[in-house]
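Q: sequence? don't have it. structure:
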């Protein structure tokens, strides 16, 4: 079964659709494999940050991480330090009976140990404790010296922590931040500011001489995004703090914190604005593409008219196109043996050569079943060759290349010379290329409408569809990354509707293209002409045109490979002697031989050209199925 453009278009759209679906499915599968194949795979079920400020202004911190480990070998935790050094640090795990098993610090990385590295920006703790399919509760304890500054009107604390994310970089849940002070303080005397996150629940506790601020934080924490807690409270909490500034700082700190919050709010607002713009574009661009395709489709439907293929008038050509250009212009086929056979008959009709069938001397070397070959004889009184179009001059050179002084040669002799020497074959190949190139150039420069056009609208619709799918994937990831999952369903519904409409329009455009292709006016007219040539033996040719006009049509029939019936009707209706009397044609004797064109000329020329240009055979087959 031949593969046509129609099949290719359907296959292309179907392949793109299923390819993208498969890509999404495989992408999720590969991602799940990559996560499950990681050396460290775990989920953080709960994490608590306990910060206690003592009378010297030092901060004692306990980081608790409750982890559901599937396959955990090493765990690395980063702690922002802001030019401070961690001191008195310890790392361990809390057993089920609440006892603490502290690890030893070592650089060897053995099981049950940890490594601590510090720089001015952060400290990194690498814990080596292999756990498989079990729950584990890690504990990190450390001190930050003089994390509090005492002013005349209060004390100011700044702390920052980096939450631990799951191994698949998912968002954390159950993050708790506890800030405690020695002594009982009134809630109105404490001001705190939490940056880069939100407090879902706040609780103030004052018991047993300790003031405790409990903050349940938002679970929407991004990777590498620290939690910053600043607090201003009475300096009676840190009376022994050596880090003091003898000025009032409350007003300036409140202003600074307000500015930070305003800046963060502005950044959030700007980020939301940009996200809104991207989301709007992700919806608008596919919408515009869909509307353009829809309007073009409506225009095609509006302008579509049912083709009116009139019966071709017998004895006349459907269009004034040269015989050698019909297959190239109308059917988009490469020049081949039929064009050369028609050119040879045209040379005989114009009085340049005489063409005769002769018996082969050796039939075993030929695939021509009739047993006849062709004899070409140059006429002494032939017109000037410069009057011929370029392709016919090359055709004349092809048959006369090895004639010599005899001015006559058979095609059997030409084929024998080609098989004898490669140099001979090369000369014929060069002439054949010039002949076919001359037809190609003429078909490009000829002032005739070309039927085959690129389906730019179909290509555009497929590009828009792919672009919309990519936008859908991109905006989905963007919304998830920017913590705007609440927008996701609405956006995907809108973009999904665009995708469905675009798929529908693409199929409609392909169907419309197939309809227009099947009803191509020019192709339909020439197909009708070919149909007439097949049934032309049922009519009297003399009623429609004279013998000279019918010979011209016979040559067109050779190009169209519809010669058998018209040659029979031609020799039946007309006396071949009249052909020689009324014109310069030298083809009368050749036409008198029954089936000379279909059974001798065409197969002999085909065998010749396939010997000269074997690769061209496959190119012509491809162009015939295109």
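A: Sure thing, it's come through. The model shown is predicted, which means the values in this text are computed figures rather than measured ones.

Q: mind checking the longest helix of this protein?
A: Longest helix in the chain, counting residues (DSSP state H): helix 250-303.

Q: elements contacting whichever helix or strand comes after that helix?
A: The C-terminal neighbour of helix 250-303 among helices and strands, as given by DSSP states H and E, is helix 326-329. Packing partners of helix 326-329 (3 or more Cβ pairs under 8 Å, 6 or more residues apart in numbering; DSSP states H and E): helix 422-445, helix 547-559. Placement of C-beta: from N, CA and C, glycine included.

Q: highest mean neighbour count out of those helices?
A: Counting by mean count of other Cβ atoms under 10 Å, helix 547-559 has the highest mean neighbour count of these, with a mean of 22.

Q: can you tell me what sits against that helix?
A: Residues from elsewhere that reach helix 547-559 (Cβ atoms under 8 Å, 6 or more residues apart in numbering): 315, 317, 323-324, 326-327, 338-339, 341-342, 345-346, 349, 533, 541, 545, 563, 566-567, 570, 573-574, 578-579, 582-583, 585, 587, 591, 597, 601-602.

Q: which ones among those residues lie within helices?
A: Among the contacts of helix 547-559, the members falling in helices (DSSP H) are 326-327, 338-339, 341-342, 345-346, 349, 533, 566-567, 570, 573, 578-579, 582, 591, 602.

Q: tell me which stretches of the stretch 351-500 of the chain form strands.
A: 353-359, 372-378, 408-410 (DSSP state E, counting those that start in this stretch).

Q: out of these, indicate the one that is most buried.
A: Most buried of the strands of the stretch 351-500 of the chain by mean neighbour count (mean count of other Cβ under 10 Å) is strand 372-378; its value is a mean of 21.

Q: can you pull the pLDDT of residue 458?
A: Residue 458 carries a pLDDT value of 83.

Q: run a quick neighbour tally on the closest residue in space to it that isn't next to it in sequence.
A: Nearest residue to residue 458, sequence neighbours excluded (Cβ to Cβ, 6 or more residues apart in numbering): residue 509, at 5.0 Å. Neighbour count for residue 509, taken as other Cβ atoms under 10 Å: 23.

Q: you'd agree residue 135 is up against residue 70?
A: No. With contact defined as Cβ atoms under 8 Å, residue 135 does not count as touching residue 70 (10.7 Å).

Q: between the two, who's got more neighbours?
A: residue 70 (17 against 13).

Q: wait, residue 418 sits on residue 429?
A: No. Between residue 418 and residue 429 there is no contact under Cβ under 8 Å: 9.2 Å.

Q: give me the common contacts of those two.
A: Counting by Cβ under 8 Å, 6+ apart, the residues touching both residue 418 and residue 429 are residue 612.

Q: on that earlier part again, can you list the helices and strands packed on helix 326-329 in JSON lines and add mean pLDDT and distance to residue 488?
A: Shown next, in JSON lines, are these (pLDDT from 0 to 100; distance: least, Cβ to Cβ, whole Å):
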{"stretch": "helix 422-445", "mean pLDDT": "89", "distance to residue 488": "53"}
{"stretch": "helix 547-559", "mean pLDDT": "91", "distance to residue 488": "62"}
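
Q: now those helices as JSON lines including distance to residue 42?
A: Below are those laid out as JSON lines (distance: least, Cβ to Cβ, whole Å):
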{"stretch": "helix 422-445", "distance to residue 42": "68"}
{"stretch": "helix 547-559", "distance to residue 42": "76"}
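
Q: out of the ones in helices among the contacts of helix 547-559, which are buried?
A: 326-327, 338-339, 341-342, 345-346, 349, 533, 566-567, 570, 573, 579, 591, 602 (16 or more other Cβ atoms under 10 Å).

Q: tell me the contacts of residue 251?
A: Contacts of residue 251 (Cβ under 8 Å, 6+ apart): none.

Q: report the central residue of this structure.
A: In the chain, the centroid-proximal residue (Cα atoms, centre = their mean) is residue 466; its distance is 6.8 Å.

Q: what are the buried residues along stretch 320-328?
A: For stretch 320-328, by 16+ other Cβ under 10 Å, it's 321, 322, 323, 324, 325, 326, 327, 328.

Q: on the pLDDT front, check the first one for me.
A: pLDDT recorded at residue 321 is 88.

Q: got it, and the fifth one?
A: The pLDDT attached to residue 325 in the predicted structure is 89.

Q: so it sits right up against residue 443, yeah?
A: Yes. Using Cβ under 8 Å, residue 325 is in contact with residue 443, at 5.2 Å.

Q: closest one to residue 504 among the helices and strands packed on helix 326-329?
A: Each of the helices and strands packed on helix 326-329 has some distance to residue 504 by Cβ to Cβ; the shortest is helix 422-445, at 37.4 Å.

Q: so which elements touch the closest one?
A: When contacts are defined as 3+ Cβ pairs under 8 Å, 6+ apart, helix 422-445 sits against helix 326-329, helix 337-349, helix 390-400, helix 411-420, helix 602-612.

Q: want to try TSV for those, with distance to residue 202 as columns?
A: Shown next, in TSV, are the helices and strands packed on helix 422-445 (distance: least, Cβ to Cβ, whole Å):
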stretch	distance to residue 202
helix 326-329	82
helix 337-349	90
helix 390-400	92
helix 411-420	98
helix 602-612	90
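
Q: closest to residue 275 out of those?
A: Residue 275 lies closest to helix 326-329 among the helices and strands packed on helix 422-445, at 54.8 Å (Cβ to Cβ).

Q: what's next to the closest one, contact-wise?
A: So helix 326-329 is in contact with 321, 333-336, 338-339, 439-440, 443, 446, 448, 450-451, 526, 556, 559-560, going by Cβ under 8 Å, 6+ apart.

Q: from the middle of its chain, how far away would that helix be?
A: Centre-to-centre, helix 326-329 and its host chain are 33 Å apart (Cα atoms, centre = their mean, to the nearest Å).

Q: same thing with stretch 270-284?
A: Computed by Cα atoms, centre = their mean, the separation of stretch 270-284 from the middle of its chain amounts to 25 Å.

Q: and what of stretch 109-119?
A: Its chain's C-alpha centre and that of stretch 109-119 lie 48 Å apart, by Cα atoms, centre = their mean.

Q: what about residue 457, how many residues nearby?
A: Quick note: residue 457 (other Cβ under 10 Å) scores 19 neighbours.

Q: look up how far residue 514 lies from the residue lying closest to it once chain neighbours are set aside.
A: Excluding the flanking residues, the one nearest residue 457 by Cβ to Cβ, 6+ apart is residue 296, at 5.4 Å. The gap separating residue 296 from residue 514 is 17 Å, by Cβ to Cβ, to the nearest Å.

Q: now swap in residue 361 and tell me
A: 52 Å.

Q: out of those two, which sits in the busier spot?
A: residue 514 (15 against 11).

Q: what's the helix or strand for that one?
A: Going by DSSP H and E, residue 514 is part of helix 485-518.

Q: could you check the angle that helix makes with helix 250-303?
A: 20 degrees (axes from the mean of the first three to the mean of the last three Cα atoms, to 10 degrees).

Q: show me what helix 485-518 is packed up against.
A: helix 5-36, helix 250-303, helix 456-481.

Q: okay, and the beta partners of residue 217?
A: Counting by DSSP bridges, residue 217 is bridged to residue 175, residue 199.

Q: count of neighbours near it?
A: 23.

Q: now do the same for it: its pLDDT.
A: Value for residue 217, per-residue pLDDT: 83.

Q: what sits against it?
A: 175, 176, 177, 194, 197, 198, 199, 200, 227.

Q: make CSV out of the residues you listed and add pLDDT.
A: Formatted as CSV, the contacts of residue 217 follow (pLDDT from 0 to 100):
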residue, pLDDT
175, 87
176, 89
177, 91
194, 85
197, 77
198, 77
199, 81
200, 81
227, 84
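
Q: thanks a lot, catch you later.
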